[in-house]
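1. sequence first, then the predicted structure, then my questions.
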Amino acid sequence: MRSVLFWSAVVLILVYMTLPAVVVVATSVNPTELMAFPPTGFSLRWYEKALTYPDFQEAFKSSLVVMALSSTLATLLGSSFAFLIFHYKFRGRGLLEAALWSPLIIPHFTTGFGFLLLGSHLSLTQGYAVIVMAHLLLVTPFVTRAVFVSLSNVDTNYARAAANLGATPSEVLFKITIPLVLPGMIGGWLIAAILSLTEFTASLYVTASRTQTLPVAMYNYIREYADPTISAISALLILSTTIIMIVANHFLGLRRILGIDNG
Amino acid sequence: MIHQKMTALQPDDCAVEINHVSRVFGSVQAVNDVSLSIRTGEFITLLGPSGCGKTTLLNMVAGFINPSSGAIRIGGKDVTNVPVHLRDTGMVFQSYALFPHMNVFDNVAFGLRQRKFTKADISSKVMQAIEMMSLSGMEHRRISQLSGGQQQRVALARAIVIKPKVLLLDEPLSALDKSLRAQMQVELIELHRNTGLTTIFVTHDQGEALSLSDRIVVMNRGQIQQVAEPIDLYRNPANGFVASFIGEINALPPATCTVASDEISLDIGNIRLIAPRRPEWQFASGQSAKAFVRPEHIRIATPADGGRNVVTGEVLTHIYQGSHTITRLNVDGLGPIEMRLPGGDVVGRVPVGLKADIAINLAEVVLLSNTAN
């Protein structure tokens, strides 16, 4: 009796969490031009269209460029912040921490709009720079968090032991601390990459027609057409994100990356 | 036992010199005006209860913590403002702090690589240290694949391979189980003999301190209570704290002294105990003093005692410990008394609840002025 209740709860949670994605993926294989759920047949024609549609191809390349730049820069910047906040007690540390968390409080809409105004003032609206800047701001806190958790889990005596054996502070950083928090940095990079890849609200403001990222291109598509191509491209986006997670899990272990356990 | 009298230290004879060092954390005086000279090649132990300042003092020698005031010299050089990595000390941490992303060889080689030895030199020194710590064949193991005892050996190898000016051991045996701890004690003694390294050992375990040290520094509340060789410390504790901290001891209620030419009578209520007088005692008749008696200096009385230093107590418990039995009694006028009888001494085992006459041997009594602590 208890186990029936238990397993129904598990199934309900699973269904609820995956429901929207399941609906979208289901409509993507509908053979007709209508978004029908449940699907009336099976066809991969919308996948073919999604993969060959020039706007999506261009937008995917833009997304990859923005993702690579913003997540890599965010890893450098976010890790530095984490080291700074973790190791030093200085005047204004609380302020810096608050500033770091502010992207979680300020709506993406506001961030995007702000960068749009800034970008037009500096004549940057046609390039990647302003998109990367906006994404960098949005994803850096997640990297900082991941690296900070890793730092907290590393015994401070490792650094002391290395210094005791003759390592200068910068040698301690590069030979001991960074190797030990590397899983946290890689985890932060992955989270940043996924967030950047799927970010829409801010991107809507800071992208131009030539630099639009995939979610923006998808939005523009759905404003004009109502066929299941959009479902197909959604499914492809879910698939690629899942592949990134599986690869990361295989090589690093997600539990370690996300700081769930101390290993 | 004849002790070599300590003579004034020559500067080059002194490996570590701690000069009026204090350290304050907020409102807590962790270390309070400590001065200590450690001779080259000496094995010295900082002993005290947790929070006594021993670890803070060790961390100040290593350079992890700066003194609030005072100076520290290592090998004749003032290192008070020298950063950790230039101090040339070798530390073994309580948690070992072995680098988890390196194997045994790389851990041991770390300090040598910092010192820019040649590859061949590093390899031979590391293998020698690994062999010395009985770790041969494990040089490519990961740290997580080692047992606690093996990690302990790697930590020691990593610290001694750089031939530091002083070896610092921060409660390194506390994480090991009892049998392994006894074995590592023997190995530490041998290691010290073989390397001749000046060693500062921090522990709260008085047994460890007594068996390992050339000298013991007893600390309490940030201050040094006494510095002495183990036997001296056990026999002649400087104050009540040291007396009760080192080994087991019965603290008797305050006594009034009556001094004769070759003995001192101690009157505690109706009980009179007589101790042979010792030249270092400065007691006058009528003065109040506190007597401390070790459990092994009390035995079951025999007719031969003639009633001298014999008291009667009710047996409370017997605690059998194999080689000996601890017996607790309640003596009217003295309070609870603990005595230690050889394990096979069945005759001495008076049933619980009955009275027993016990003889107190005062030849080795610790007698302190009642005003000191």
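-> Happy to help now that I have it.
2. report the buried residues of whichever helix or strand residue B:317 is part of.
-> Assigned by DSSP states H and E, residue B:317 falls within strand B:310-320. Under the neighbour-count criterion of 16 or more other Cβ atoms under 10 Å in any protein chain shown, strand B:310-320 has B:310, B:311, B:313, B:315, B:318 buried. Placement of C-beta: from N, CA and C, glycine included.
3. is the top helix by length along chain A in proximity to chain B?
-> Ranked by residue count, the top helix of chain A under DSSP state H comes out as helix A:54-87. No - Helix A:54-87 is not in contact with chain B by Cβ under 8 Å from any Cβ of the partner chain; minimum separation 14.1 Å.
4. now that helix: mean pLDDT?
-> Computed over helix A:54-87, the mean pLDDT rounds to 93.
5. and the helix or strand just after it, what does it pack against?
-> Using DSSP H and E, the next helix or strand after helix A:54-87 towards the C-terminus is helix A:93-105. Under the contact criterion of 3 or more Cβ pairs under 8 Å, 6 or more residues apart in numbering or on different chains; DSSP states H and E, helix A:93-105 touches helix A:54-87, helix A:128-153.
6. and of the ones you listed, who's closest to residue B:132?
-> With Cβ to Cβ as the criterion, residue B:132 lies closest to helix A:128-153 of the helices and strands packed on helix A:93-105, at 33.2 Å.
7. mind listing what's buried in that closest one?
-> Buried, per 16+ other Cβ under 10 Å, within helix A:128-153: A:128, A:130-151, A:153.
8. and the host helix or strand of residue A:11, how far out from the chain middle?
-> Residue A:11 belongs to helix A:2-28 when assigned by DSSP H and E. Relative to its chain's centre, helix A:2-28 lies at 24 Å (Cα atoms, centre = their mean, to the nearest Å).
9. ok, back up a step: go through the buried residues of strand B:310-320 and say which is closest to residue A:225.
-> Using Cβ to Cβ, the buried residues of strand B:310-320 come closest to residue A:225 at residue B:318, 93.9 Å.
10. pull up the per-residue confidence for the closest one.
-> So residue B:318 comes in at 89 (pLDDT).
11. does residue B:69 really touch residue B:20, like I thought?
-> Yes - taking Cβ atoms under 8 Å as the definition, residue B:69 is a contact partner of residue B:20 at 7.0 Å.
12. close to chain B: what parts of the stretch 151-263 of chain A are there?
-> Residues of the stretch 151-263 of chain A lying near chain B (Cβ under 8 Å from any Cβ): A:155, A:157-158, A:160-169, A:171, A:176, A:179-180.
13. rerun at 10 Å
-> Counting by Cβ under 10 Å from any Cβ of the partner chain, the stretch 151-263 of chain A comes close to chain B at A:154-169, A:171-172, A:175-176, A:179-180, A:182, A:263.
14. can you flag the buried ones in those?
-> Taking 16+ other Cβ under 10 Å as the criterion, what is buried in those is A:154, A:157-168, A:171-172, A:175-176, A:179-180.
15. remind me which residues of the stretch 201-350 of chain B are low pLDDT?
-> By pLDDT under 70, the weakly predicted segments of the stretch 201-350 of chain B are B:344-348.
16. residue of it with the smallest distance to chain A?
-> Relative to chain A, the nearest point of the stretch 201-350 of chain B is residue B:202 (14.2 Å; Cβ to the nearest Cβ).
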